[in-house]
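K.L.:
predicted model, plus sequence, below.
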Amino acid sequence: VQLQASGGGSVQTGGSLRLSCEASGRIFSINDMGWYRQAPGKQRELVAHINDDGGRMKYGDSVKGRFTIYRDNAKNTVYLQMNSLRPEDTAVYYCNAGISNGVAVYNYWGQGTQVTVSS
(Lines give C-alpha, C1' and ligand atoms only; values in the text may rest on other atoms or scores of the structure.)
Protein backbone atom coordinates (compact mmCIF):
# COMPACT_ATOMS: atom_id res chain seq x y z
CA VAL A 1 0.00 0.00 0.00
CA GLN A 2 1.21 3.48 -0.87
CA LEU A 3 -0.03 7.00 -0.26
CA GLN A 4 1.01 9.40 -3.01
CA ALA A 5 0.67 13.07 -2.14
CA SER A 6 0.73 15.86 -4.69
CA GLY A 7 -0.27 19.48 -5.18
CA GLY A 8 2.27 21.33 -3.11
CA GLY A 9 4.07 24.39 -4.39
CA SER A 10 4.88 28.03 -3.80
CA VAL A 11 2.25 30.75 -3.51
CA GLN A 12 1.98 34.26 -2.16
CA THR A 13 0.07 35.23 0.96
CA GLY A 14 -3.64 34.95 0.35
CA GLY A 15 -3.26 32.35 -2.37
CA SER A 16 -4.74 28.87 -2.60
CA LEU A 17 -3.51 25.35 -3.17
CA ARG A 18 -5.20 21.96 -3.26
CA LEU A 19 -3.35 18.91 -2.03
CA SER A 20 -4.31 15.40 -3.09
CA CYS A 21 -3.35 12.06 -1.64
CA GLU A 22 -4.22 8.81 -3.39
CA ALA A 23 -3.98 5.41 -1.78
CA SER A 24 -3.06 2.46 -3.94
CA GLY A 25 -2.23 -1.19 -3.52
CA ARG A 26 -3.95 -4.02 -1.68
CA ILE A 27 -6.81 -2.10 -0.08
CA PHE A 28 -9.89 -3.64 1.47
CA SER A 29 -11.14 -0.42 3.03
CA ILE A 30 -9.85 2.96 4.14
CA ASN A 31 -10.76 4.25 7.56
CA ASP A 32 -9.96 7.74 8.77
CA MET A 33 -7.68 9.94 6.69
CA GLY A 34 -5.86 13.12 7.56
CA TRP A 35 -3.30 15.75 6.78
CA TYR A 36 -0.44 16.76 9.04
CA ARG A 37 2.33 19.27 8.57
CA GLN A 38 5.79 19.86 9.89
CA ALA A 39 7.66 23.13 9.68
CA PRO A 40 11.44 23.36 10.19
CA GLY A 41 12.32 23.04 13.86
CA LYS A 42 8.75 22.23 14.86
CA GLN A 43 6.83 19.09 15.71
CA ARG A 44 4.43 17.50 13.26
CA GLU A 45 0.91 18.79 13.87
CA LEU A 46 -2.58 17.84 12.81
CA VAL A 47 -4.02 20.00 10.05
CA ALA A 48 -7.26 18.20 9.29
CA HIS A 49 -8.88 14.82 9.78
CA ILE A 50 -11.87 13.12 8.14
CA ASN A 51 -13.71 9.95 9.06
CA ASP A 52 -14.36 6.99 6.76
CA ASP A 53 -17.59 8.20 5.19
CA GLY A 54 -16.55 11.85 4.99
CA GLY A 55 -19.26 12.98 7.35
CA ARG A 56 -17.09 14.21 10.21
CA MET A 57 -14.13 16.54 9.93
CA LYS A 58 -11.77 18.02 12.47
CA TYR A 59 -9.34 20.88 11.97
CA GLY A 60 -6.36 22.36 13.74
CA ASP A 61 -7.19 25.70 15.31
CA SER A 62 -4.83 27.62 13.04
CA VAL A 63 -6.52 26.48 9.83
CA LYS A 64 -10.20 26.54 10.78
CA GLY A 65 -12.23 28.53 8.29
CA ARG A 66 -9.44 28.51 5.70
CA PHE A 67 -8.80 24.83 4.93
CA THR A 68 -11.28 22.15 3.90
CA ILE A 69 -10.68 18.41 3.92
CA TYR A 70 -12.78 16.06 1.84
CA ARG A 71 -12.45 12.65 0.26
CA ASP A 72 -13.55 10.66 -2.76
CA ASN A 73 -13.85 7.05 -1.67
CA ALA A 74 -14.33 5.84 -5.24
CA LYS A 75 -10.85 7.17 -5.99
CA ASN A 76 -9.27 6.30 -2.63
CA THR A 77 -8.23 9.94 -2.44
CA VAL A 78 -8.27 12.61 0.23
CA TYR A 79 -7.97 16.29 -0.59
CA LEU A 80 -7.02 19.42 1.32
CA GLN A 81 -8.25 22.70 -0.13
CA MET A 82 -6.16 25.49 1.37
CA ASN A 83 -7.34 29.08 0.97
CA SER A 84 -6.11 32.39 2.39
CA LEU A 85 -2.66 30.93 2.84
CA ARG A 86 -0.24 32.61 5.23
CA PRO A 87 3.55 32.42 5.60
CA GLU A 88 3.06 30.40 8.79
CA ASP A 89 1.40 27.67 6.71
CA THR A 90 4.77 26.95 5.14
CA ALA A 91 5.65 23.34 5.92
CA VAL A 92 5.92 19.85 4.52
CA TYR A 93 2.43 18.38 4.41
CA TYR A 94 1.91 14.66 4.99
CA CYS A 95 -1.19 12.60 4.40
CA ASN A 96 -2.11 9.76 6.70
CA ALA A 97 -4.62 6.94 6.49
CA GLY A 98 -5.75 3.86 8.34
CA ILE A 99 -6.07 1.13 5.71
CA SER A 100 -7.43 -2.36 6.09
CA ASN A 101 -6.30 -5.33 4.02
CA GLY A 102 -9.31 -7.30 5.22
CA VAL A 103 -7.45 -8.79 8.14
CA ALA A 104 -5.92 -5.90 10.02
CA VAL A 105 -5.74 -2.11 9.88
CA TYR A 106 -2.40 -0.43 9.36
CA ASN A 107 -1.39 3.22 9.59
CA TYR A 108 0.26 4.67 6.49
CA TRP A 109 2.00 7.97 5.71
CA GLY A 110 2.54 9.67 2.39
CA GLN A 111 5.92 10.98 1.34
CA GLY A 112 5.21 14.63 2.07
CA THR A 113 4.71 17.59 -0.21
CA GLN A 114 6.24 21.03 0.33
CA VAL A 115 4.03 24.09 0.68
CA THR A 116 5.76 27.47 0.72
CA VAL A 117 3.87 30.72 1.28
CA SER A 118 5.74 33.96 0.73
CA SER A 119 4.79 37.36 2.09
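P.N.:
Arrived safely.

K.L.:
CA only for contacts and neighbour counts going forward, please
P.N.:
Noted.

K.L.:
what is Leu3 paired to in the beta sheet?
P.N.:
Beta-bridge pairing of Leu3 under DSSP bridges involves Ala23.

K.L.:
so how many other residues sit close to it?
P.N.:
By other CA atoms under 10 Å, 23 other residues sit near Leu3.

K.L.:
settle this for me: it is touching Cys21, isn't it.
P.N.:
Yes: with contact defined as CA atoms under 8 Å, Leu3 reaches Cys21; the gap is 6.2 Å.

K.L.:
identify the contacts common to those two.
P.N.:
Listed contacts common to Leu3 and Cys21 are Cys95, Gly110; contacts here mean CA atoms under 8 Å, 6 or more residues apart in numbering.

K.L.:
phi, psi for Val117 please.
P.N.:
Main-chain torsions, Val117, degrees, to the nearest 10: phi -120, psi 120.

K.L.:
before I go, just wanted to say thanks for your time.
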